[in-house]
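> predicted model follows, preceded by the sequence.
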Amino acid sequence: MLIAGMDAVMNDPVSESTGRCALAEPPRLRRPNREQSLLLPCCLEDLLPADHAARAVWSVVERLDLSAFSAPLKARGDEPGRPATDPQLLTALWLYATIEGIGSGREIERRCGCQDAFRWLCGGVPVNYHTLNDFRVGHGAALDELFSQVLAVLMHKRIVSVRRIAQDGTKVRADAGRHTFRREATLQRQLTEARAHVAAVKAQSDNPAADARRRAAQERAARERVERIEAALAELPKIGADQQQSKRPDVRAKEPRASTIDPQARVMKMPDGGYRPAYNVQLATDVESRAIVGVDVTQARSDHQQAAPLRAQVERRSGAKVVEHLLDGGYVQLAEIERAEAAGTRIYAPPQKTRNDTAGFAPKRSDGPGVAAWRVRMGTPAGQTIYKQRASTAEPVNADLKRYRGLAQCVVRGLAKVRCQALWAALAYNVMHFTAQLVT
């Protein structure tokens, strides 16, 4: 009975007609129209929650003295010139971007147009990557003072003490390849060719039919190449002098070479055992709080002779005495230890092992009183316990900056600019870890 009823329905001509009409008409759909103009009300304050990291960064920046960044600005009062971008905004953008692991000015510019956090920071102010990149490396002294200012706030609130610091160095790959390193004869030949190219470009610029902007760009590129080669030639004597300090005869016998891309970079042994152009970044960390309290960038291929300069920098920034300095074996120099101990700083570093004394803890006849005290100290359980804090303090901080704050690769060229990149990374690290203390 049921089957018969279903057959009747299936054979009903009205049902077939109705089904065909329904299928013949296209379905009604809501399709996107991306060409229409919209007027959407938007309040920037509503874009971010109250506890967003960008708001925290801005709260910190608002409390800092950035007058050193504003001092060079010329558009003041009735003076001619367009208004400059607020240094507070540029500082906040670089700090927040570095915290987020963004190290490209172009990427920051892109996100300022599409990402809520960057749009909120900008507050409607347009920012281009030229302004961002120039600001990052154009205020080295002011940036160094800003780092000291943040450290002073943390010390004033008794969050940071430089009584015990741990130091560690890390090699940061330079923005230059090994194939860019040339000997003096090659550099002299390239300099002659580059100067001839500059003259040819200038002669071409006399042609009024050529595009003015293109001519200017070509002339600037040719001139900058000459300047880089001249800078590389100027670095050769320094590189040669460094090579003569090596204990290896094959290194001393090599003819010095300098890079035509980043003349101040040096070929260094990297953690993976390979040799590549790099800079030596030194960081000092407060053991108690794990705040970065000292930053330096050098061309030294090893960590020898790097302890005293960074310790002096920390004492200058903080106005306090470093009582205990934790170092790995690469920093050990007996003369430096003697000077540090005489000045009231106790060194914690592993003595070099010898054949007769496997640990090197026994004082030697040639040791001064400071070195002898250091050897005895490192042989005690208390000394070993303190020294173990170095690896758990300094090395994680270095790893954080290299992995998350963009310090694995130099994105700028030249010692001064690389130092700015390292300072931004260290400053962002401190702001990120001590935001609550800096705003209260």
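Noted; the coordinates are in hand.
> domains of the chain?
In the domain annotation for the chain, the residue ranges read 52-71+85-137, 140-175+266-419, 181-259 (automatic domain parsing).
> in JSON lines, list those domains along with mean pLDDT.
Below are these laid out as JSON lines (pLDDT from 0 to 100):
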{"stretch": "domain 52-71+85-137", "mean pLDDT": "96"}
{"stretch": "domain 140-175+266-419", "mean pLDDT": "94"}
{"stretch": "domain 181-259", "mean pLDDT": "87"}
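> can you put those in TSV and add mean neighbour count and distance to residue 31?
Where you see a C-beta, it was placed from the backbone N, CA and C, and this is true even at glycine. As requested, the domains of the chain are arranged in TSV below (neighbours: other C-beta atoms under 10 Å; distance: least, C-beta to C-beta, whole Å):
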stretch	mean neighbour count	distance to residue 31
domain 52-71+85-137	18	24
domain 140-175+266-419	18	42
domain 181-259	14	43
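> reformat those domains as JSON lines; add distance to residue 24.
Converted to JSON lines, the domains of the chain look like this (distance: least, C-beta to C-beta, whole Å):
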{"stretch": "domain 52-71+85-137", "distance to residue 24": "44"}
{"stretch": "domain 140-175+266-419", "distance to residue 24": "60"}
{"stretch": "domain 181-259", "distance to residue 24": "60"}
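> right, so of the ones you listed, which gets closest to residue 38?
Closest to residue 38 of the domains of the chain is domain 52-71+85-137 (C-beta to C-beta; 15.9 Å).
> related to what we said a few turns ago, residue 77 is nearest to which of the domains of the chain?
Smallest distance to residue 77 across the domains of the chain (C-beta to C-beta): 13.6 Å, for domain 52-71+85-137.
> and the closest one, end to end?
Domain 52-71+85-137 has an end-to-end distance of 27 Å (C-alpha to C-alpha, to the nearest Å).
> starting at the chain centroid, how far to that domain?
Going by C-alpha atoms, centre = their mean, to the nearest Å, the spacing between the C-alpha centre of domain 52-71+85-137 and its chain's C-alpha centre is 15 Å.
> could you say what helices and strands the strand or helix carrying residue 224 packs with?
Residue 224 is part of helix 212-244 when elements are defined by DSSP states H and E. Where contact means 3 or more C-beta pairs under 8 Å, 6 or more residues apart in numbering; DSSP states H and E, helix 212-244 is packed against helix 184-204, helix 249-253, strand 258-259.
> show me what stretch 430-440 is in contact with.
When contacts are defined by C-beta atoms under 8 Å, 6 or more residues apart in numbering, stretch 430-440 is touched by residues 53, 56-57, 59-60, 63, 95, 99, 147, 150-151, 153-154, 157, 159, 289-292.
> so what's residue 386 closest to, chain neighbours aside?
Here the nearest residue to residue 386 in space, its sequence neighbours aside, is residue 348; by C-beta to C-beta, 6 or more residues apart in numbering that works out to 5.4 Å.
> the one you found and residue 316, how far apart?
Here residue 348 is placed at a distance of 22 Å from residue 316 (C-beta to C-beta, to the nearest Å).
> over to residue 179?
From residue 179 across to residue 316, the span is 40 Å (C-beta to C-beta).
> also residue 137?
Using C-beta to C-beta, one obtains 23 Å as the distance from residue 137 to residue 316.
> now residue 173. Its backbone dihedrals?
phi -60, psi 130 (degrees, to the nearest 10).
> next: the one 5 residues further on.
Backbone dihedrals for residue 178, given as degrees, to the nearest 10, come out at phi -60, psi -30.
> OK, contacts around residue 146?
Taking C-beta under 8 Å, 6+ apart as the definition of contact, the neighbours of residue 146 are 64, 66, 68, 91, 427.
> contact partners for the second one?
For residue 66, the contacting residues are 87, 88, 91, 142, 146, by C-beta under 8 Å, 6+ apart.
> tell me the two of those residues that are most distant?
Largest separation among those by C-beta to C-beta: 88 and 142, giving 12.8 Å.
> all strands of this structure, in order?
Along the chain, the stretches classed as strands by DSSP state E are 164-173, 181-182, 258-259, 266-269, 275-286, 292-298, 324-326, 346-348.
> list the contacts of the second one.
For strand 181-182, contacts defined as C-beta under 8 Å, 6+ apart pick out 190, 232, 257, 258, 259, 260, 267, 277.
> which pair in these spans the largest distance?
When the contacts of strand 181-182 are compared pair by pair using C-beta to C-beta, the two farthest from each other are 190 and 267, 19.0 Å apart.
> about what we covered before: correct me if wrong: the residue nearest to residue 386 contacts residue 379.
No - assessed by C-beta atoms under 8 Å, residue 348 is found out of contact with residue 379, at 11.9 Å.
> what is in contact with those two at once?
With contacts defined as C-beta under 8 Å, 6+ apart, no residue is adjacent to both residue 348 and residue 379.
> now render the strands of the chain as CSV, adding distance to residue 394.
Converted to CSV, those look like this (distance: least, C-beta to C-beta, whole Å):
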stretch, distance to residue 394
strand 164-173, 4
strand 181-182, 31
strand 258-259, 29
strand 266-269, 19
strand 275-286, 5
strand 292-298, 10
strand 324-326, 7
strand 346-348, 12
